[in-house]
Structure formats: C-alpha cells, structure tokens
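K.L.:
Structure, please.
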Amino acid sequence: MIASRTVIRPPRRVPWPALVALAYAAAQLALVVPHLGLGWDETVYLSQVDPHRPAAYFSAPRSRGISLLAAPVLAVTDSTTVLRVVLALLSAAALYAAYRVWQPLLGPGRTALAALLFAGLWTTVLYGPQAMPNLWVALSAVAAVGWFLRAAHAPAGRRAPLGLGATVAAATCFRFSDGIWLALPLLAACAIVPARRRPAPALAVVGGFAVGAAEWVAEAYARWGGVGARLHLSSTTEGGMGTHWAGGMAWRSLNGPLLCRPCRVPLTHPELTLWWLALPALALIACVLAWRARRDAVVLLPIACAATLSVPYLLLIDYSAPRFLLPVYALLSLPLAALAAHCAQAIRPPRARALAAGLAAALLALHLSAQVAVLGHNTADARATADRYRTAAHDLRRLGLTPPCLVSGAHAPPIGYDAGCASANVGGNNRDTTAHALLRRATREPAAALARTRSGPPPYARTWAPHRLPGTGLTAYVSPTPTRAPGGGGARVRSPSTP
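P.N.:
Here you go, the predicted model:
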C-alpha cells in the first residue's frame with residue numbers, strides 16, 4: 001500500500017504594492033489623461049526636445065530632466081494623448097519601484113499603505129501624466145532615502161550604493177535645487193550618526209549629485225557665466241529668494257489654483273485641508289514612537305529629508321503651488337504608514353482592533369473620495385486653461401501666423417507652442433530679448449504680441465493691427481507680414497486684413 005503525500009504550499013501573499021501602482025495608473029488613465037491639454041510649464045520643457053517646434057526660453061531655475069524623459073516620445077509622435085499615456089504608465093512603474101525599495105525596511109503591508117497614501121493625493125494623480133518635474137523628484141527622493149538606509153548596513157553589497165547614487169542623480173537632474181536639499185540631510189546623517197559613518201553611502205550621495213548636476217552646471221557656464229551667476233538669476237526669476245513665510249499660501253492653494261502667484265486667493269473648503277494641518281503633528285508622534293522602539297532611522301531620516309525639501313517652498317519664496325510639496329508628501333507617507341501599523345498593533349482586544357480597522361478604512365475612503373472631488377475640479381480648470389491656449393493658437397494661425405513665426409507678450413510660450421511659433425518676451429521673469437531685436441525679427445517673419453484685452457498693446461506693438469481672440473480674454477497685435485516679391489526680389493510688407 002502506497003501512502004499518498006500531501007504537499008502543503010504556503011499561501012501566496014497579495015502583492016499590495018503592485019496593486020497600488022496599478023490602481024494609480026488606472027486613476028490617471030481614467031480621470032486625467034482624456035481631459036488634459038498641455039500647460040504653460042509643460043510647453044517650455046517639451047519644446048526643448050520637440051523636433052517640430054522651436055524651443056521656448058529656458059529660464060535659469062529650470063532643469064532638463066523632465067525634457068529628457070519626454071524626448072523619446074516626442075521623437076516618435078507629437079500626440080499629447082500618447083505622451084500622457086506613456087507618462088502615466090511610467091509614473092505608476094516608478095511609484096512601485098520607489099516604494100519597493102522600502103519593503104525590506106517596513107514590510108510589504110506598510111510599504112503598500114505608504115504608497116497608497118501618496119498615490120491617493122489629487123496632486124499625485126494630476127501630475128503623474130504631466131511633463132513636470134516635481135512628482136519625479138518625489139519618487140526619486142523616496143527611493144534615495146530607502147537605498148541610503150539599506151546601504152548603511154555592512155552586508156548591503158554594491159546594489160544599495162548604486163541605487164542610492166542613481167536616485168540622487170535622478171532627483172538632481174529633474175530639479176537641481178531639490179537635489180541639494182535632498183543631499184544635505186543624507187550627508188549630515190553620514191557625519192553625525194555613528195552607525196552611518198561608512199564611506200560607501202557618502203560617496204554614493206556625492207557622486208550621484210555630481211552626475212545629476214553636471215548638465216545644469218555646464219549650462220550655467222555656457223549661458224550665464226557660472227554657477228553663481230545662474231543661482232543669482234534663478235533667485236531673481238523666483239521673485240527674490242529670501243526669508244518669506246509661504247506656509248499660509250501653501251495652505252490656501254492646497255486645493256487650487258495650480259499656481260498661486262500672486263497668492264491672494266481665499267481658502268476654499270477648509271474641511272478638505274484637515275489632513276494637511278495634521279501632517280506635522282502626526283510626523284512628530286511618529287518620531288516619538290520610533291525613538292522609543294529604536295527604529296528611529298527608518299522614521300527620522302525621511303522626516304528630516306521632507307523637512308529640508310520643504311524649506312525653499314515654505315520659507316524662501318513668496319508664492320506657492322500645490323505640486324511644490326509633492327516630495328514632502330511622498331517622504332512623510334512612510335513614517336505615517338509606520339505610525340498607522342504601530343497603532344493597529346497596540347490595540348489588543350480583537351473586537352477593538354476590528355472596530356479601529358473599520359474606522360481607519362472609513363476615514364481613508366472619505367479622504368480618497370475628497371481627493372477625487374478636488375482632482376475633478378482642478379482637472380477641469382487645467383483643461384479650460386489649455387483650451388484657451390489652443391483657441392488662441394488657432395486664431396493666430398487664421399490671422400496668418402504659420403511657422404516660422406513669433407509670438408510675444410502674455411502667455412506667449414504655451415500659445416506659441418500650440419501654434420508652432422517661437423516665443424519671446426521683453427520683460428518679466430521670462431525676459432529673453434529686447435524690443436529692438438523683436439521688431440527686427442518681426443520684419444523677417446510673421447509676429448504677434450499678445451496682451452489682455454483691457455490692458456492695451458505692448459509699447460513695441462502700438463502700430464500693429466489689433467485682433468481680439470474670442471474666448472481667451474486676449475487681443476493679438478499682429479505685425480505687418482513680410483512677403484517675398486515675385487521673382488525672388490526683396491520683401492514687401494503687407495498688413496493683414498481684419499476678419
């Protein structure tokens with residue numbers, strides 16, 4: 001008689017982090033991708049690598065990481081929808097990869113909860129498929145801090161230092177200034193904490209920052225005469241970096257507008273901002289509990305990095321935008337997930353634990369539903385703004401502005417990008433030419449100066465023909481159009497007819 005053997009296999013674990021990433025991709029594809037045109041900053045970044053359009057003025061504070069990320073897509077197609085889909089899928093994969101680094105440190109459940117807390121924010125969903133750097137800095141920072149903690153252990157091998165260097169380089173490439181604020185607490189931990197005084201993590205941070213900053217530094221010398229000059233011009237472009245308390249502006253703009261500059265908006269729906277006000281208190285509680293449990297590094301380091309990354313956006317500029325603090329939210333999600341798990345373990349009676357779990361799930365569902373509502377409102381606003389840009393660009397083409405052409409004045413970069421024209425400005429933060437140079441260029445190619453309808457034309461365009469652009473609030477002042485005489489002779493000037 002042969003005895004049968006029963007093989008007992010351990011139950012498969014649910015891949016919660018992967019499911020969070022899939023849900024994040026689905027939310028972007030359903031709620032954002034079909035409804036969103038290109039915004040102002042996106043057109044600046046994309047124009048740098050778009051083979052079909054002139055490059056817009058690239059101001060001193062910007063970094064080219066997001067342009068490089070979008071370049072392969074633009075080399076194949078100029079479809080905004082395709083670009084959105086690709087970025088949505090890439091951001092979901094990056095979310096999984098960044099938080100996956102933390103799984104050996106926190107465990108799969110806490111890691112998935114941290115990823116969900118970050119991915120569930122309306123800003124995270126809105127900017128996932130956009131060609132903007134802040135989300136990519138956030139995910140790079142999450143991965144960098146995780147690799148740093150893993151690299152600090154002796155048996156970590158080469159993988160952790162290489163991952164640390166690569167993610168610090170990525171954060172710096174996407175936004176140079178954020179790379180500085182990320183590297184500072186990591187290097188401070190190497191110097192202050194005895195257990196972290198190993199050469200590999202410090203060298204990885206320094207090397208990664210150097211690699212990520214190389215292009216920015218080279219461009220600083222090529223265009224502005226050095227790093228100091230570029231930093232000074234960056235400060236001027238940002239309105240003068242100095243001691244400014246921007247916390248109130250960040251709070252008021254938490255649910256929109258997408259750019260609060262100047263920031264005089266009232267606080268709308270304060271009940272939807274309670275999670276933001278609770279963040280400092282929850283982070284402090286997480287620090288205390290982690291210190292007592294001797295798991296301080298896993299909690300304190302992401303909080304320290306979140307604090308330094310918030311410095312320029314809360315203390316040094318006088319305007320705000322909800323996307324600025326995405327790296328802070330991403331890093332704080334990790335200690336908050338650890339805090340939630342600690343609270344769940346502290347409740348002993350099964351009934352009380354089940355009740356607490358149900359209450360926490362209800363609060364999380366309420367929070368996520370509120371984020372979806374805010375997302376819908378801000379997506380609609382962004383879509384309306386992009387529609388105005390496209391409408392203005394269509395009207396300019398109807399007025400005779402076809403490439404090569406030039407657009408200047410209000411909203412010149414996004415409207416010029418949609419029209420296929422170059423953009424230029426003689427004043428403001430994006431000043432890149434003079435009125436004399438602009439007028440000389442207008443004698444060689446079609447040009448239009450945009451101004452708000454009630455403000456009148458710019459001084460250099462007072463003699464140009466005005467044309468209202470319905471539905472945009474703008475008036476286009478179109479220059480006399482140069483045309484080549486028959487037989488290849490010199491150019492003659494023809495004034496466009498008013499429709």
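K.L.:
Spit out the contact partners of Ile285.
P.N.:
Leu339 (Cβ atoms under 8 Å, 6 or more residues apart in numbering). C-beta coordinates here come from the backbone N, C-alpha and C atoms, glycine included.
K.L.:
again, 10 Å this time
P.N.:
Ile285 makes contact with Pro335, Leu336, Leu339, His342, Cys343, according to Cβ atoms under 10 Å, 6 or more residues apart in numbering.
K.L.:
And the third one, how far from Arg431?
P.N.:
Taking Cβ to Cβ, to the nearest Å as the criterion, Leu339 is separated from Arg431 by 47 Å.
K.L.:
Of those two, which one has the most company?
P.N.:
Leu339 (20 against 13; other Cβ atoms under 10 Å).
K.L.:
Sketch out the helices for the stretch 301-450 of the chain, chain order is fine.
P.N.:
Listed in chain order, the helices of the stretch 301-450 of the chain (DSSP state H, counting those that start in this stretch) span 326-346, 350-398, 412-419, 435-442.
K.L.:
Flag every buried residue along the helix or strand harbouring Leu89.
P.N.:
Per DSSP states H and E: Leu89 is located in helix 80-100. For helix 80-100, a neighbour-count test (16 or more other Cβ atoms under 10 Å) marks 80, 83-92, 94-100 as buried.
K.L.:
How about stretch 210-230?
P.N.:
For stretch 210-230, burial by neighbour count (16+ other Cβ under 10 Å) applies to Val211, Gly212, Ala213, Glu215, Trp216, Glu219, Ala220, Trp224, Arg230.
K.L.:
Of these, which belong to helices?
P.N.:
Per DSSP state H, helices hold the following members of the buried residues of stretch 210-230: Val211, Gly212, Ala213, Glu215, Trp216, Glu219, Arg230.
K.L.:
Closest one of those to Leu121?
P.N.:
Checking those against Leu121 with Cβ to Cβ, the nearest one is Gly212 at 25.4 Å.
K.L.:
That closest one against Trp136, yeah?
P.N.:
No - taking contacts as Cβ atoms under 10 Å, Gly212 lies outside contact range of Trp136: 11.8 Å.
K.L.:
Now the common contact residues for these two.
P.N.:
By Cβ under 10 Å, 6+ apart, Gly212 and Trp136 have these common neighbours: Gly65, Ala170, Ala171, Cys173, Phe174, Arg175.
K.L.:
So, low pLDDT: which residues of this structure?
P.N.:
Filtered on pLDDT under 70, the chain yields the residue ranges 1-12, 154-156, 195, 295, 481-499.
K.L.:
can you pull out the strands in the stretch 201-350 of the chain?
P.N.:
In the stretch 201-350 of the chain, no strands are defined using DSSP state E, counting those that start in this stretch.
K.L.:
can you list contacts of stretch 150-160?
P.N.:
101-102, 104-105, 146-149, 161-165, 189-190, 193, 195-198, 200-205, 297, 301.
K.L.:
Please list only the buried members of these.
P.N.:
101-102, 105, 146-149, 161-165, 189-190, 196, 200-202, 204-205, 297, 301.
K.L.:
and the nearest residue to Phe209 once chain neighbours are set aside, what is it in contact with?
P.N.:
Spatial nearest neighbour of Phe209, chain neighbours left out: Ala183 (4.9 Å); criterion: Cβ to Cβ, 6 or more residues apart in numbering. Each residue near Ala183 by Cβ under 10 Å, 6+ apart is listed here: Ala144, Val168, Ala171, Thr172, Val205, Val206, Gly208, Phe209, Gly212, Ala213, Cys305, Thr308.
K.L.:
List the buried residues in the one helix or strand Ala183 maps to.
P.N.:
Assigned by DSSP H and E, Ala183 belongs to helix 176-192. Buried positions in helix 176-192, judged by neighbour count with 16+ other Cβ under 10 Å: 176-186, 189-190.
K.L.:
Perfect, I'm done here.
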